[in-house]
Structure formats: structure tokens, C-alpha cells
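Student: Take this sequence and fold it.
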Amino acid sequence: MRRLIALVSLLVAVDLTLWSAIVPLIPHYRAELGLTKVESGWLVAAFSLSVVVVAIPVGHLADRIGARRVVAAGGAAMAAATLGLGFAGSFWLLLAARAVQGVGDAAVWGAGVAWVAARAPADRRGQAVSYSNAAAVAGVIAGPFVGGIATSTFGIEATFSVVAAISLALAAWALFEPDAQADPGRHVHVRAAIAAAFSESLILASVVMILAVAVIGGALQVLVPLHLSSEGIERAGIGAVYSVGAMLGAVAILLSGRAGDRFGRIPLAAGACIALAVLSGLLALPLGVALIIAVVIAVGPVQSILYAVGYPLSADGADRAHLGHGIAIGIVNLTWGVGAVLGPIAGPGVAQALGDRASYLLLAMLAALAAVAIALPARRTGPSQLRGPGAAPAAPCADRRTGSPP
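Tutor: Model prediction:
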């Protein structure tokens, strides 16, 4: 189990490194290719759009044929796309490379986390998955350094070539790990599985929190770097700001993963949504650069709590609904992809039409609504549904196809 956690954690770290490396490069690409704010947003969103398209098929495939082959294929796709990013000379080629990266992400992240969740004991699932989430934060930390400092020092082509080689090596490692597939009793057609998932309150709660954090994080990922750049901060400085916030996020993930197992995931998520609403609202105020940096750094750990809670919560819901973990986490990945597409496009779009302040206020309202949507249904559930699965036994779940207990 430790080797599997290490493998998936490394793959996720590389995946998120590639995802976030684009942030300090946005001003560079905008200057080189003459992009507008909205076009810059599309460059960020192309990755997530691919996740939207393939997340559920990838999760279903992992349940059917095993996570091992899906994860290995995802690592190979990441390697190919990274080479494309390193050597692409036009906006459209960059856009295509980002889209292929998104396909790799859906396989590595979705099937990889499902692989860990399926093999981990239910009462330690949050802790096991938290290592993958912490690795994701490590990737978010490394990404701005890779996209900012490393590309400035060694060049974009050389930097991305090295990362591509690492991705390919990890893909090969995945082929030698013991596989995990859903029990035959959990094999459900995709439509039936989606219907069953959205009737399960724990999966719905995970969908709400992941959608909110993806939209808000995606919008800030475009708006804040451009704002800081306009204030004279170079891309290495922008990368450093995001990396500090991500370092704090890694600590928050490890702590909240264990706290969710012990005390409950939903209260943590509702509190994090409230904090995110406050921080987004602060960005709408006329703050100086130092205060903006402080708020951006604080956003990092708050967002990390929602990711640390959301994925294991969906696996808890899959157990209660008698579904495969791959399809449940695929639905959450789809939700993340939708939010990560909408955020980088809608946030800058509102800012371009009405100003940055209006965009920040709308993000704050979204976070507040998410807190209400998560907390109110939780008050109507029993205490065992608010705690981690190991805190109290869950009620037996009927098989969605037969109506009988599993």
C-alpha cells in the first residue's frame, strides 16, 4: 500500500506541476502571442475542458479494467503533452497540448485516487487520500517555480523535456503495481451509476464543494497574476507568491485529511467555504500589493481543505450507494473540470466587462452559497453521516439495480 501511495502521489505531483506551471507563463505567452485576457483564460481552461469530457469515462474504465492500465496510459499522455508544451510555437498548438494534458490528468488523478481509495481501509481513507492531495499541493508549489524560475534559467524547451521524461518513467512504474478493480456487484452502466451517485447526499456535497473551489480558484488563477504583473512583479515573484500559499496548503491537507476521518468532513468543508467567501471579498477592496499577496497566500490552505475533504467524501458516498470508486471520483473530477473551465473564462470575462472588483464579489457570493448548500442538508442527516466512515457504521445500502442489500 505504501508503494502505491508513493507512486500515485508522485504522479499527482507531476500532474499538478504541469497544471500550475502555466500561471507565471501567462504574461509571457500573452506578450509573445498577443493574447487578450479571455484568450489567456482559454489557455488555462483547455486543460480542464478535457477533464470534463473524459473524467467519467476514465473512472468507469478504471472500475471495469483496473486502475493500473488507466493510470499508466495517463502518465504517457502527460509526457507527450508536456513535450508539446515545450516545443509549441503557436497559440493553437499550446491549446492542443494543454488539452492532452487534461486527458492525462483525468486518468492519473481520477483513476489514481480511486486506486488508493479502493485499497485503503475505510476508517483511514481520508488519511491515505490526503497524501495524494498533499502531493497535488506539492505540484502546485513546484509548478510556479518550474514555469517561472526554471524556464527563465534553463529555457522552456529543456525544462519541459525533463518533466516529460519523469512522467514517462512513472507511467512505466505503474504497470508493476497490484491492480484494483470494482467488485462485479458494483458494475453499473454509466447512466445508472450517475443517477445513483447524484441521489447520494455525500457525493452531492463533494460535488458542490469541488465545483465552488474550482470556479473560484480558476478565476483567481488568471486575475491575480495579471494584477500582480501590472504592479511590476515579475513572473518569478508571482510564482513565489503562489508557492508559499501552496506550502501552507500542503500542511492544511494533511491535517484536514486526518481530522475529516475523525471528526467529519462536512463541517470542515462548510467552514472552508465561509473562509473562502471572506478572502474573495477582501480582494474586492482597494488593497495594496502587500495585502493582496497576503490574501492570495491565505487562499491556498483554504482551497486545500476543500480538496482534502471532497475526494474521500465521494468515496464514502460510493460505498453507501454501492458504486465503484472510479465512477464516483470521476463525477467529482468532471465537476472540477466544469468549474476549472468556467472560472478562468467567466472570471476574466466579468472583470473585462465590469471590472475586477465585480468579479471578486461574485466569487465571494459563490463561496457563501456553497457553504449554505453543504451545511443545510447536513443538518438533516444523522451524526454517522457527518463523521468519517470509521467513526460509526454506515447503514446498509441497497443495490441500485436489484433493490437488495449488497
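Student: Contact partners for Gly84?
Tutor: Counting by Cβ atoms under 8 Å, 6 or more residues apart in numbering, Gly84 touches 93, 96-97, 100. C-beta here means a position set from N, CA and C on the backbone, and glycine is covered the same way.
Student: Let me see the ranges of the helices in the stretch 301-406 of the chain.
Tutor: 325-354, 356-379, 383-386 (DSSP state H, counting those that start in this stretch).
Student: just those helices: most buried one?
Tutor: By mean neighbour count, with neighbours taken as mean count of other Cβ atoms under 10 Å, helix 325-354 ranks first of the helices of the stretch 301-406 of the chain at a mean of 25.
Student: count of neighbours near the residue lying closest to Phe87 once chain neighbours are set aside?
Tutor: Among residues not flanking Phe87 along the chain, Glu157 sits closest, at 5.9 Å (Cβ to Cβ, 6 or more residues apart in numbering). Residues contacting Glu157 under the criterion other Cβ atoms under 10 Å number 13.
Student: Hmm, Glu157 is touching Leu83, no?
Tutor: No: if you go by Cβ atoms under 8 Å, Glu157 and Leu83 don't touch, sitting 9.1 Å apart.
Student: Quick check: Ala99 vs Leu211, distance?
Tutor: Per Cβ to Cβ, to the nearest Å, Ala99 is found 21 Å from Leu211.
Student: Compare the two and say which is more crowded by neighbours.
Tutor: Each of Ala99 and Leu211 has its neighbours counted (other Cβ under 10 Å); Leu211 has more, 24 against 19.
Student: does the more buried one sit in a helix or strand, and which one?
Tutor: helix 201-230 (DSSP states H and E).
Student: What mean pLDDT does that helix get?
Tutor: Across helix 201-230, pLDDT averages out at 85.
Student: who does it touch, helix- and strand-wise?
Tutor: helix 22-33, helix 37-65, helix 190-198, helix 235-263, helix 265-283, helix 289-321, helix 325-354, helix 356-379 (3 or more Cβ pairs under 8 Å, 6 or more residues apart in numbering; DSSP states H and E).
Student: try it again with 7 Å
Tutor: Other elements packing on helix 201-230 under the criterion 3 or more Cβ pairs under 7 Å, 6 or more residues apart in numbering; DSSP states H and E are helix 22-33, helix 37-65, helix 235-263, helix 265-283, helix 289-321, helix 325-354, helix 356-379.
Student: these two touch, right, Gly239 and Ile149?
Tutor: Yes: between Gly239 and Ile149 there is a contact under Cβ atoms under 7 Å: 6.4 Å.
Student: Pick out whichever of these two has more residues nearby.
Tutor: Taking neighbours as other Cβ under 10 Å, Gly239 and Ile149 compare with Gly239 leading, 29 against 17.
Student: For the residue nearest to Trp19 when sequence neighbours are not counted, grab the count of nearby residues.
Tutor: Using Cβ to Cβ, 6+ apart and skipping the chain neighbours, the partner closest in space to Trp19 is Phe47 (6.0 Å). If you count neighbours by other Cβ under 10 Å, Phe47 ends up with 28.
Student: now Phe47: how far from Ser206?
Tutor: With Cβ to Cβ as the criterion, Phe47 and Ser206 are 21 Å apart.
Student: just Ser161 next, same as before
Tutor: For Ser161, the distance to Ser206 - Cβ to Cβ - is 37 Å.
Student: quick one: average pLDDT of the helix or strand harbouring Ala164?
Tutor: According to DSSP H and E, Ala164 maps onto helix 156-174. Per-residue pLDDT over helix 156-174 has a mean of 91.
Student: what do you get for stretch 63-77?
Tutor: Here the average pLDDT along stretch 63-77 is 88.
Student: Please spell out which residues along that stretch are buried.
Tutor: Neighbour-count burial for stretch 63-77 flags 63, 66-77 (criterion: 16 or more other Cβ atoms under 10 Å).
Student: Settle it for me: which of Ser161 and Ser206 has more neighbours?
Tutor: Neighbours per residue, other Cβ under 10 Å: of Ser161 and Ser206, the larger number sits with Ser206, 31 against 16.
Student: wait, isn't that one in contact with Val332?
Tutor: Yes: the pair Ser206 / Val332 is scored as a contact, 5.4 Å apart, by Cβ under 7 Å.
Student: what residues are shared contacts of these two?
Tutor: Both Ser206 and Val332 are contacted by 310, 314, under the criterion Cβ atoms under 7 Å, 6 or more residues apart in numbering.
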